[in-house]
Each structure stands twice: as structure tokens, then as C-alpha cells.
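Visitor: pasting the sequence and the predicted coordinates here, then a few questions.
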Amino acid sequence: MTETFWIAATVLIIIALAFVLYPVLFQQPAARERADLRNQNLMAYRSRMKELDREYETGVLDEENYRQLKDELAGSMLDDVSEAEVPERVVTGRRSAMVVGLLSILLIPAATFMLYQEWGAMDRVEQFITMQKMGDADSAREAQMSQLTSQLRDKLEASPNNPDGWAMLGRTYMRLERYEDAAWAFQSLADSVADDTRARAVALGLAAQALFFRSQGVMTDEVTTAIDAARALNPDEVNALGLLGIHAFSQQEYREAIRYWERIGEVAPQHPQMASIRGGIEEAYRRLGEEPPKMDIAAASGPGVMVRVKLADAFSEKVPADTTLFVFARQVGGAAGPPLAIARLTAGDLPVEVRLDDSKSMSPQAKISAAQEVMVTARLSRSGSAMAQAGDWQGSVDTALTVSADPGEPVELVIDQQLTN
């Protein structure tokens, strides 16, 4: 990519030089223009004198008129071209043109390079390209992923003002189970968004999560410090709340775990891991010997549909657990329009029951409650993008589902095909 950029830049520099050099090399000097005008006047004078001579010889003009016209023509010629005028030495300008051209060839490319290094954005371009490669390398060998990660890290260290780059680097380290590096990347993300309190809290919560995984679930001082830092900025930071709930559950403090996890449901009802969080809450109640409370999801979110998504056995060993899962509903016959409701989870949540209702709508103007029937699709995205791409795994219900306040038993949806284009 860098080579392509500089090739394009070189072409543009050549075009710029052409605009500079053309007038210098091909513009006619003023002295030459004056000499050409003087010669034209002389030729006109001689031509007119010959005409007067012919008219005098043929008798058209008498001697008096002939001499008078000849004197007038001579006077006019003296006005246009003085006999005392000394012709200027014609200088072609080739030498000065070559000097200008040589300076232009040397200075314009050098100035372009130095100014781009000072004010250009090649570092951000290279970071973006590396991030794109990493996003497309889910099925690549671990060595290749590690190499791309190393390249992105080098570019971010050279130009650290890129929150998206730090976030991708941290997620990639988590996928590679390099948790200490992931914690460092998320801490760097926190530093890059220091002016945004909530974003910084999220980054610190992710750093705490990476440290928690590195310690294999032990609440070390480092983990506690990161959690405290995140909650100091935002007491309801969901990653920190989740870790506190997991730790409390492991210590058999089930009531405390329920408190933390239910708080996530209150502040982030559309959290992508909500199905797992609800499962943890129900298990904590069972450990306490209590019946889990019924969650009146339908009343809060309006009419919807329920599906139970599972992955076909043929793909169970091919799909990484952190692959992004999208479950979405579309209007019947509206394949080209936006989804009426969409839920985002991960492959590690499968099999999972998902309710699609107005709480998962993408816009106030397109709600699932306004539809009578919908088609539901589940897609495992290798790139993390909601747009279908070759290599993604997908499945759909066979028939349209009726939107209802009480959808009843979930309809089974099996992800059983891999997209080829």
C-alpha cells in the first residue's frame, strides 16, 4: 500500500512539474516578440514601397504625389522602428529555464515528502489496512494473526491516537489468549480516550477483564485496582459489574452475585451477553434454594418472536467461540430493508434462546411490533460486521413467524450453511 501511495504521489508531482516547466520552456521571450514585430513592420514598408514604385512607373501617380506618399511612408516607418534603435541581444532563456526546471525537480518532490511526513496521515492509513487484514484473518493460522497483531502494535505505538486500533488490538490479544498484552492494549485505549469519562471506564473494565483471565479467575490486586478505577468513573460499568458477579458466585456469595448481574440488566438491558447473565442469575437463585423470579420481558418490550438458535454439528469445531452472532427479524418480503429487530451475541452463547422485540429495534420508525409476520435469520460473522460476507455461517426459519405478545415456545433455528458469496 505504501508503494502504491508513493507511485500515485510521483505521478501527481510530474503533472505539477509540467505546469511549472511548460511556460518556462515554451513561452516566447519578450525580446523575440519585439524583434518579430520589427521585422514584420519592415516587410510591410518594403512591400508598400514596391507598390508605389509600380504605380509611379505605370503613370498612376505623378511625381509630386509619388514623392509625397513616399515621404509619408518613410515617416510612418521611422515612428514604428527607430533607425537609432539598437536591436536587443536575443536571449533564448534555455539556461534559466533549465535552472528553474532542475530546482523544481529537486525541490517539489523533497518538499512534498517532508510536508507529508509532517502533516500527512500515512500512519493512520497503515493502521487501518493492518486492522482490515486482521478483521479478515479469523480462519488464518495463529502465526499469521500474531504477525499482523505485531504490525498493528508497532504502528499504534508510533501513532497512539487511534482508539479503534487499540480496541481491536485488545480484542485480538484476548482471542489469542495473550491476556497480559490485552490488558496493556486496553489500558492504552483508556489513555487515548482520557477526555471521555464513560469510554475510559469501559476501557478500564476491559483491562480488568483481561487481567482476571490472566489470573485464571483469581481476584488479584491488579484486577481489583482496575475494577475500582473503572467504577470510580462509572459505578455501573458493565464489565466490572460482571467480574464482581463472577467472583461473588465463585465465593458462593450468590445474593451478591445476583445483585451485580441484575444491575447489568437494569443499566444495559440490550447487553450482548444478557442471555448468559440471566442464566447466571437463575442458577444463583437455584443455589440459594429459591425459585427464580419470572421476568416479564414481554410486558416491557412489547410483541415479538422467540427462537432457539443452535449450530449444526458439522460446524461446531470450525467456529471460534468469540465469533459474533447476529439474530435478526425482517418484514416478510422485505429482504432489502433494515432488520426490524436484531440481537448480538457470540458463538460461545450457542445454543441460546433469543426474544426479538421492540427493545432490540434499530430505529423508532421500524419496530417489530408494527409487523404481523417476520422472517428470522441467524448469522455468525467472521468479520464482526452485520453485512453478510463469504465464509459466514447462516441459518433461517423455514416459515414466517407471527409477532405476538406471547410468542409461546421458541422456534428452532439451525445455522446449517456457510455463505460462498
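Guide: Happy to help now that I have it. Numbers count the residues shown, from 1 in each chain.
Visitor: how about the helices in the stretch 101-250 of the chain?
Guide: With DSSP state H, counting those that start in this stretch, the ranges of helices along the stretch 101-250 of the chain come out as 122-135, 142-158, 163-175, 179-192, 197-214, 221-233, 238-250.
Visitor: for the fifth one, which positions count as buried?
Guide: Neighbour counts over helix 197-214 (16 or more other C-beta atoms under 10 Å) mark 199-214 as buried. From N, CA and C alone the C-beta is placed, and that goes for glycine too.
Visitor: now do A366 against Q216, distance only.
Guide: According to C-beta to C-beta, to the nearest Å, A366 stands 44 Å off from Q216.
Visitor: which one's more surrounded, the two?
Guide: A366 (17 against 7; other C-beta atoms under 10 Å).
Visitor: give me the nearest residue to the more buried one, chain neighbours excluded.
Guide: Closest residue to A366 in three dimensions, ignoring its sequence neighbours and counting by C-beta to C-beta, 6 or more residues apart in numbering: L340, at 5.5 Å.
Visitor: any chance of the helices of the stretch 101-250 of the chain in TSV, plus mean pLDDT and distance to Q273?
Guide: As requested, those are exported to TSV (pLDDT from 0 to 100; distance: least, C-beta to C-beta, whole Å):
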stretch	mean pLDDT	distance to Q273
helix 122-135	51	21
helix 142-158	77	24
helix 163-175	86	14
helix 179-192	92	17
helix 197-214	92	12
helix 221-233	94	17
helix 238-250	92	8
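Visitor: which of the ones you listed sits closest to R286?
Guide: With C-beta to C-beta as the measure, helix 238-250 is the member of these nearest R286 (11.9 Å).
Visitor: which outside residues touch whichever helix or strand comes after the closest one?
Guide: Using DSSP states H and E, the helix or strand that follows helix 238-250 in sequence is helix 254-267. Helix 254-267 is contacted from outside by 236, 238, 241-242, 244-246, 248-249, 271, 274, 277-278, 280-281, 284-285, 287-288, using C-beta atoms under 8 Å, 6 or more residues apart in numbering.
Visitor: and those residues, which of them are buried?
Guide: 238, 241-242, 244-246, 248-249, 271, 274, 277-278, 280-281, 284-285.
Visitor: among the residues you listed, which pair sits farthest apart?
Guide: Top of the distance list for the buried ones among the contacts of helix 254-267 (C-beta to C-beta): V238 and Y285, 20.6 Å.
Visitor: D181 against Y173, yeah?
Guide: Yes. Contact criterion C-beta atoms under 8 Å: D181 and Y173 qualify, at 4.4 Å.
Visitor: between the two, which is the more surrounded one?
Guide: Neighbour count, other C-beta under 10 Å: between D181 and Y173, Y173 has more, with 22 against 19.
Visitor: so, low pLDDT: which residues of the stretch 301-421 of the chain?
Guide: 301, 334-337, 362-365, 421 (pLDDT under 70).
Visitor: doesn't R355 lie inside a helix?
Guide: No. Counting by DSSP: H, G, I helix; E, B strand; the rest coil, R355 falls outside a helix, being strand.
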